[in-house]
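Engineer: Next one to model:
(6 chains)
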There are 6 protein chains.
Amino acid sequence: MTTPAISRYPVPDLADLSDDIRARMLEVQEKAGFIPNVFLALAHRPDEFRAFFAYHDALMLRDSGLTKAEREMIVVAVAGANDCLYCFIAHGAILRVYAKNPLVADQVGVNYREADITPRQRAMLAFALKVADRSAEIDEDDYAALRSHGFDDEDIWDIGNISAFFCLSNRMANLITLRPNDEFYLLGRVPKPK
Amino acid sequence: MTTPAISRYPVPDLADLSDDIRARMLEVQEKAGFIPNVFLALAHRPDEFRAFFAYHDALMLRDSGLTKAEREMIVVAVAGANDCLYCFIAHGAILRVYAKNPLVADQVGVNYREADITPRQRAMLAFALKVADRSAEIDEDDYAALRSHGFDDEDIWDIGNISAFFCLSNRMANLITLRPNDEFYLLGRVPKPK
Amino acid sequence: MTTPAISRYPVPDLADLSDDIRARMLEVQEKAGFIPNVFLALAHRPDEFRAFFAYHDALMLRDSGLTKAEREMIVVAVAGANDCLYCFIAHGAILRVYAKNPLVADQVGVNYREADITPRQRAMLAFALKVADRSAEIDEDDYAALRSHGFDDEDIWDIGNISAFFCLSNRMANLITLRPNDEFYLLGRVPKPK
Amino acid sequence: MTTPAISRYPVPDLADLSDDIRARMLEVQEKAGFIPNVFLALAHRPDEFRAFFAYHDALMLRDSGLTKAEREMIVVAVAGANDCLYCFIAHGAILRVYAKNPLVADQVGVNYREADITPRQRAMLAFALKVADRSAEIDEDDYAALRSHGFDDEDIWDIGNISAFFCLSNRMANLITLRPNDEFYLLGRVPKPK
Amino acid sequence: MTTPAISRYPVPDLADLSDDIRARMLEVQEKAGFIPNVFLALAHRPDEFRAFFAYHDALMLRDSGLTKAEREMIVVAVAGANDCLYCFIAHGAILRVYAKNPLVADQVGVNYREADITPRQRAMLAFALKVADRSAEIDEDDYAALRSHGFDDEDIWDIGNISAFFCLSNRMANLITLRPNDEFYLLGRVPKPK
Amino acid sequence: MTTPAISRYPVPDLADLSDDIRARMLEVQEKAGFIPNVFLALAHRPDEFRAFFAYHDALMLRDSGLTKAEREMIVVAVAGANDCLYCFIAHGAILRVYAKNPLVADQVGVNYREADITPRQRAMLAFALKVADRSAEIDEDDYAALRSHGFDDEDIWDIGNISAFFCLSNRMANLITLRPNDEFYLLGRVPKPK
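Structural biologist: You can find the predicted model right below:
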């Protein structure tokens, strides 16, 4: 079931995993129908696995001024900037599902300026990409631009921290040549079979 | 005691923190003599604080083929590449202490090619910076180069993940304009007062 | 039927087009089931339309040491490098159809190094991207590397000229904000309905 | 007369060319006094030759809000950005002739900001270079800036398409190491001998 | 005393130097307590030594609208941009001494945007870095921005020429792997011993 | 005679100059037939003028393993990399004269890889451009590559220092918008009139 080809590193058997890690995998499998490879590959390092997903959940599941779809837009745009195949494909799928829009993930991943999104969302992605590419140059003008679109400072923290977290995630995926599950490519492009 | 100037965001009072977070701060204060500002600033988001330091500890405290000084070298070189003042200064201090060398942090942070380090360490830093700057281009040749210096695949994961984690950390520090404690600038440059 | 939103520029009615241009459109519509927007948008300038598609056909339809799928791989990889939404999506669809592979277009467009392609194809794409990004630095070593993978000089011309032609095409699409037809996003991802 | 050194690829004899291609060459030879090497080198691929020059003529000979000298300014500035020796030299000569100005080609090719041109022409070249270097970032502000200098949307298409076409041309010239004819270097620098 | 390790090139004995060069060294030794390695290393080429320090003094000692500490800020910021270890360390020390501030050199060298300096000084450093990184793009707007902070045109020349001179100096130091004296690392960080 | 348009800064009258500076100008005028604008513009700052030309002469007139034409090739290639109009034009002229070759300056300035020069000269220019663009990355391999072409370490110092010096010069010319004398454009392109 798990195959070495999904990562340069050994992928543990579910049977050998700690209970909490296996439980997390079964939970996502229950929901998605399959275990995304990032879970299997990062389980090679259980402590890092736990910290990684704790960080992920703290950002992606918290109450926020950003919708879940908007948070996934950030992930996909940053994956495009970092040429990260895993996150482009896997989070592209999640974005399509959350946004109920089969086109937006590819648009945002390739060139957000031409995506079917609002001006507010474009400003959000411009900032997320500045965090990814030139964070040392962030200044008061960037904050002001986002506030003019109705984002408050907690929203700005969310945008920035999601971008920063996936800058970590993209680099890890590239480091281990993490392979996206085939299922992701089609997810959210066609109506869910009943 | 805590002042707004260490971050763009509100810094909570120690009295208002959860016990586990306050305990972590008091522990580091006990050891270092002061609370590094990254603890105070990230406590604004307790769940992210916990995940951040769990990730940090998983990487920086684990048994590894890399010494603690070598891990801090990676942090400082990556901070230099990302123009991150906080990590350059704070981890520069930690590196000086671990390496018992007052010069190496500045050398590694400005231009690791001219630092007083071994060829093995230079190869380690070259790879760490590739993870930071061009992770999508990592390929089998990079792994082979590191192995020729005696690193095994677990060491390579460590190098890569430390670089990736501080790519997150540097971006967060730049996002919130995190100010290094004044104490860090001198730490490890002069013999510790008795 | 034609809508302004597919281009910043006016899109002519089929009825107003010259016979040769309309014929070309009807031919592709017959085959694809719809008229790709690049035909409609470039028809704003009939002479450039004719030259553009003559150039396209000269490169993409000629007998060549490159398969049609390989030629489309070049197009998609170059579109990714140039952040060109239209070519990424439209030629991604064509690549999926030619390669009979629903995954390869996204792989090649985001990071060809991790695509399910042969080492020869990876060398081909590395060269195509050098033509796109740093053509002034092409030298004898690049030719030698391609020859070692079995490409002859005519193949190398093909790789280079396809990359160069789509550097033109990507820039035009970005200039006029050319919108991909919705149909392309799903094409080649699921078995063709009978 | 034709020598291999003008291209990495074989250069056909005039005698072996199709009539239309030879006629085109003789026409330009009649006018210029010599056959520019781009004609000889591209004749290696007759269909691409025909499409290339059809595209060239559609852009460079059409009625336009841009003078012929202005169109050549775009070509020379783009050649400078792409480090394309052939177009810098050959179109530099043409620009000097059209502008009746022996200095402007070198100025525009090296740094258009210091050239003896109008502010309107500087805005034109700034946009042409954005098309060449960062076309994905073109937005409404760029169009507005050009309109404020009196360019209409058809002029903007011309600027953009000329830049895009020579991004193709520059890459082909670099790919085949196309050598400028010696005659171009001096053309337009001294009064034409009678 | 002088050791080969401070430069890739031979370092002359003081005894073998021309009187004027030796006198200059003894003068700086008298003041600083040691001879900075740049003097020893550049003495390998006496004529270049003389011109280098004549240029240095003309810029750094002249009456100017910039304080000496401000001039050293430019040097340190440019050294950071050029990854020049020697100038980062040596001029960082001089800046700390002139500014009587143990923190400012590291701040300016790593990321001037977060340094404890005035908005006027930040504008000065932004311009100095534009001279270092993109001098061809300097235009009237840059001059206007500096004038709005109270700099006159002679000050702007000073900022630009100091940046340009250390672009030379940084490249020479990198070329010869010039090693900073160990003394510089601590200078200006602790009160001078009496 | 001297006009403000050659520099953003005031250009002094010859009558007001110190004797040594005026003498230098008259000497070059005697030889060249005109006073190159760099002399006039830099005379605005006499001490910097003296140091600049002392440095220039130390590098460009010394006995060296590099011919004078080779030294000018470095200058022109670096001017191309820095988009410096003055040095591209003025030193292009000097290169044509020294090399007795009307083509080589434009070739080297636009793309040295396609210039009519020896492999040894191409290696020299590759290194000069590395000094100009990425001096922090210079390492032992660069030295070895040059030695394999017969350069000794003093030659390498010359190559590097000439590149570094004109990195200063290019930035100053760009800073003050230094205008090349019209005479330079044609110099060395046609046989000298008797």
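Engineer: what about residue A:34, which helix or strand?
Structural biologist: Here residue A:34, judged by DSSP states H and E, is contained in no helix and no strand.
Engineer: Just the pLDDT for it.
Structural biologist: pLDDT, residue A:34: 97.
Engineer: again, but for residue A:190
Structural biologist: On the pLDDT scale, residue A:190 is placed at 88.
Engineer: For it, grab the count of nearby residues.
Structural biologist: Here the number of neighbours of residue A:190 (other CB atoms under 10 Å in any protein chain shown) works out to 12. In short, each C-beta sits where N, CA and C put it, glycine included.
Engineer: quick one, what contacts it?
Structural biologist: By CB atoms under 8 Å, 6 or more residues apart in numbering or on different chains, the residues touching residue A:190 are A:102, C:186, C:190.
Engineer: what's the answer for residue A:136, then?
Structural biologist: For residue A:136, the contact set (CB under 8 Å, 6+ apart) comprises B:82, B:83, B:84, B:174, E:111, E:113.
Engineer: try residue A:128
Structural biologist: A:74, A:77, A:78, A:159, A:160, A:162, A:163.
Engineer: among these, which two are most distant?
Structural biologist: Greatest spacing in the contacts of residue A:128, by CB to CB: A:77 and A:160 (13.2 Å).
Engineer: Dihedrals phi and psi, residue A:115?
Structural biologist: When read as degrees, to the nearest 10, the backbone of residue A:115 gives phi -80, psi 160.
Engineer: again, but for residue A:44
Structural biologist: phi -60, psi -30.
Engineer: Can you check the pLDDT for the nearest residue to it once chain neighbours are set aside?
Structural biologist: Excluding the flanking residues, the one nearest residue A:44 by CB to CB, 6 or more residues apart in numbering or on different chains is residue A:9, at 5.0 Å. At residue A:9, the model reports a pLDDT of 96.
Engineer: Residue A:9 and residue A:48: what is the separation?
Structural biologist: 12 Å (CB to CB, to the nearest Å).
Engineer: what's the answer for residue A:27, then?
Structural biologist: 19 Å.
Engineer: picking up where we left off before, sec struct for the residue nearest to residue A:44, please.
Structural biologist: Per DSSP: H, G, I helix; E, B strand; the rest coil, the local secondary structure of residue A:9 is coil.
Engineer: and it, how many neighbours?
Structural biologist: Quick note: residue A:9 (other CB under 10 Å) scores 19 neighbours.
Engineer: what's it in contact with, if anything?
Structural biologist: Here residue A:9 is in contact with A:41, A:44, A:176, B:153, B:157 (criterion: CB under 8 Å, 6+ apart).
Engineer: are any of those buried, and which?
Structural biologist: Buried by 16 or more other CB atoms under 10 Å in any protein chain shown: A:41, A:44, A:176, B:157, out of those.
Engineer: could I get those as JSON lines with secondary structure and pLDDT?
Structural biologist: Formatted as JSON lines, those follow (DSSP: H, G, I helix; E, B strand; the rest coil; pLDDT from 0 to 100):
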{"residue": "A:41", "secondary structure": "helix", "pLDDT": "97"}
{"residue": "A:44", "secondary structure": "coil", "pLDDT": "97"}
{"residue": "A:176", "secondary structure": "helix", "pLDDT": "98"}
{"residue": "B:157", "secondary structure": "helix", "pLDDT": "98"}
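Engineer: Which of these sits closest to chain D?
Structural biologist: Chain D has its nearest neighbour among the buried ones among the contacts of residue A:9 in residue A:176, at 29.1 Å by CB to the nearest CB.
Engineer: which among the contacts of residue A:136 end up buried?
Structural biologist: Among these, the ones that count as buried by 16+ other CB under 10 Å are B:82, B:83, B:84, B:174, E:111, E:113.
Engineer: In helices only, show me those residues.
Structural biologist: B:174, E:111 (DSSP state H).
Engineer: Could you work out the most separated pair of the buried ones among the contacts of residue A:136?
Structural biologist: Once CB to CB is applied, the buried ones among the contacts of residue A:136 give B:82 and E:113 as the farthest pair, at 13.1 Å.
Engineer: re earlier: filter the contacts of residue A:128 down to the buried ones, ChimeraX style.
Structural biologist: Listed next is the ChimeraX selection for buried residues among the contacts of residue A:128, using 16+ other CB under 10 Å:
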select /A:74,77,78,159,160,162,163
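Engineer: Dump the contacts of residue A:128 to a markdown table, plus secondary structure.
Structural biologist: Formatted as a markdown table, these follow (three-state DSSP):
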| residue | secondary structure |
| --- | --- |
| A:74 | helix |
| A:77 | helix |
| A:78 | helix |
| A:159 | helix |
| A:160 | helix |
| A:162 | helix |
| A:163 | helix |
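Engineer: wait, which of the contacts of residue A:128 is closest to chain D?
Structural biologist: residue A:77 (12.5 Å).
Engineer: correct me, but that closest one touches residue A:125?
Structural biologist: Yes - at 4.8 Å, residue A:77 and residue A:125 qualify as touching, with contact defined as CB atoms under 8 Å.
Engineer: For the residue nearest to the spatial centre of chain A, list the residues it contacts.
Structural biologist: For chain A, the residue nearest the mean C-alpha position is residue A:75 (4.1 Å; CA atoms, centre = their mean). Shown in contact with residue A:75 (CB under 8 Å, 6+ apart): A:87, A:91, A:94, A:95, A:162, A:166.
Engineer: Tell me the pLDDT of it.
Structural biologist: What the model reports as pLDDT for residue A:75 is 98.
Engineer: With the one 5 residues further on instead?
Structural biologist: The score at residue A:80 is 98. That number is its pLDDT.
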